[in-house]
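> Here is my input; please provide its structure:
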Amino acid sequence: MITIKNKKEIELMREVCHIVALVYDEIEKKIKPGMTTFELDKIAEDKMRSLGAIPAEKGYDIGIKGVPPFPASICVSINDEVIHGVPSKHRIIQEGDVVSVDTVALKNGFNGDAARTFIVGKASKEATRLVEVTKQAFYEGLKYAKVGNRIGDISHAIGQFVESKGYSVVREFQGHGIGKQMHEDPGIPNYGKAGRGPRIEAGMTLAIEPMVIQGKPDILELDDGWTIITEDGSLAAHYENTVLITDKGPEILTK
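Next up is the predicted model:
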């Protein structure tokens, strides 16, 4: 069921999403070669908690037997890791790494969700282009996040743009509604036909998140039950914002 937020709920969403934006400001200032992904996780958690929020991903349980609850505050995925990378004291960020971070904060019963991909240190042209295309894919989809359109219009715009640049979108994972739950209806694939899916209404809050692969779209899951990697070892990037649908157009809450 798709939830339509009222005025009070929207203000609570704005508050928690602003915290997510501030977490990324902190990460951008402090991420550097030589630090561990565990250190990055602590920076994010400390910032969230200092602002009165908690990391919603910490302890998140997908309910699959044998898969432990997520042990960290943020997902940190490097190079060929697409999403859900688990921070570790043993994983060191290297010069030129492509580092995707996915953050969900929870405050006053509402979630804010965003993802960013950083290139640490000196970047290759190939990595820079991938990250730029992934970010622009979000904005191509955002153009269609308007009252009266359909969710499929967003999906189609993202997929068409990414593939026109010679890249692939991940098909097994998708964007989603968000609010009191981290994942709500509707699902928002990064591919598909325009004119399909639920009608977009004012008061919806949507996490739109292109996940883009430099090579083929095939992915694999690592033994930790969380980390998703590209099958061919090619680079991946991730860009996401929580978006409020208004009668005047979409409002990005996590910027």
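> For Asp97, see how far away the residue nearest to Lys58 when sequence neighbours are not counted is.
Closest residue to Lys58 apart from its sequence neighbours, by Cβ to Cβ, 6 or more residues apart in numbering: Ser73 at 4.9 Å. Yep, even glycine has a C-beta here, placed from its N, CA and C like the rest. Applying Cβ to Cβ, to the nearest Å, the value for Ser73 to Asp97 is 20 Å.
> ditto for Lys29
17 Å.
> ok, back up a step: what about Ser73 and Asp97, which has more around it?
In terms of neighbours (other Cβ atoms under 10 Å), Ser73 is the more surrounded of Ser73 and Asp97; the figures are 27 against 18.
> can you tell me which helix in the chain is longest?
Ranked by residue count, the top helix of the chain under DSSP state H comes out as helix 7-30.
> Would you mark the buried spots in it?
Residues 9-10, 12-24, 26-27 are the ones in helix 7-30 that count as buried (16 or more other Cβ atoms under 10 Å).
> Alpha carbons only: can I get that helix in CSV?
The C-alpha trace of helix 7-30 is given here as CSV (Å, rounded to 0.1, in the frame of the first residue of the first chain):
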residue,chain,number,x,y,z
LYS,A,7,1.7,18.0,6.5
LYS,A,8,3.1,16.9,9.9
GLU,A,9,4.6,13.7,8.5
ILE,A,10,6.3,15.7,5.6
GLU,A,11,8.0,18.0,8.1
LEU,A,12,9.3,15.0,10.0
MET,A,13,10.6,13.6,6.7
ARG,A,14,12.3,16.9,5.9
GLU,A,15,14.0,16.9,9.3
VAL,A,16,15.4,13.3,9.1
CYS,A,17,16.4,13.8,5.4
HIS,A,18,18.3,17.0,6.3
ILE,A,19,20.3,14.9,8.8
VAL,A,20,21.2,12.5,6.0
ALA,A,21,22.4,15.4,3.9
LEU,A,22,24.6,16.6,6.8
VAL,A,23,26.0,13.1,7.2
TYR,A,24,27.2,13.2,3.6
ASP,A,25,28.8,16.6,4.1
GLU,A,26,30.8,15.1,6.9
ILE,A,27,31.8,12.0,4.9
GLU,A,28,32.8,14.1,1.9
LYS,A,29,35.1,16.2,4.2
LYS,A,30,36.7,13.2,5.9
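> which outside residues touch the helix or strand that it is followed by?
Sequence order places helix 37-50 as the next helix or strand after helix 7-30, per DSSP states H and E. When contacts are defined by Cβ atoms under 8 Å, 6 or more residues apart in numbering, helix 37-50 is touched by residues 19, 22-23, 26-27, 30-31, 54-55, 58, 72-74, 76, 78, 85, 87-89, 91, 93, 101, 103, 105.
> show me the contacts for Ile119.
Counting by Cβ under 8 Å, 6+ apart, Ile119 has contacts Gly96, Asp97, Val98, Val99, Ala127, Thr128, Val131.
> how much space between it and Ala21?
20 Å.
> And Pro68, by the same measure?
Separation of Pro68 from Ala21 (Cβ to Cβ): 30 Å.
> can you pull out the helices in the protein?
Using DSSP H, helices in the chain cover 7-30, 37-50, 125-142, 151-164.
> out of the ones you listed, nearest to Trp226?
helix 37-50 (12.9 Å; Cβ to Cβ).
> what angle separates that closest one from helix 7-30?
140 degrees (axes from the mean of the first three to the mean of the last three Cα atoms, to 10 degrees).
> buried stuff in helix 37-50?
Of the residues in helix 37-50, those buried (16+ other Cβ under 10 Å) are Thr37, Phe38, Glu39, Leu40, Asp41, Ile43, Ala44, Glu45, Lys47, Met48.
> and if you look at stretch 71-89?
72-87.
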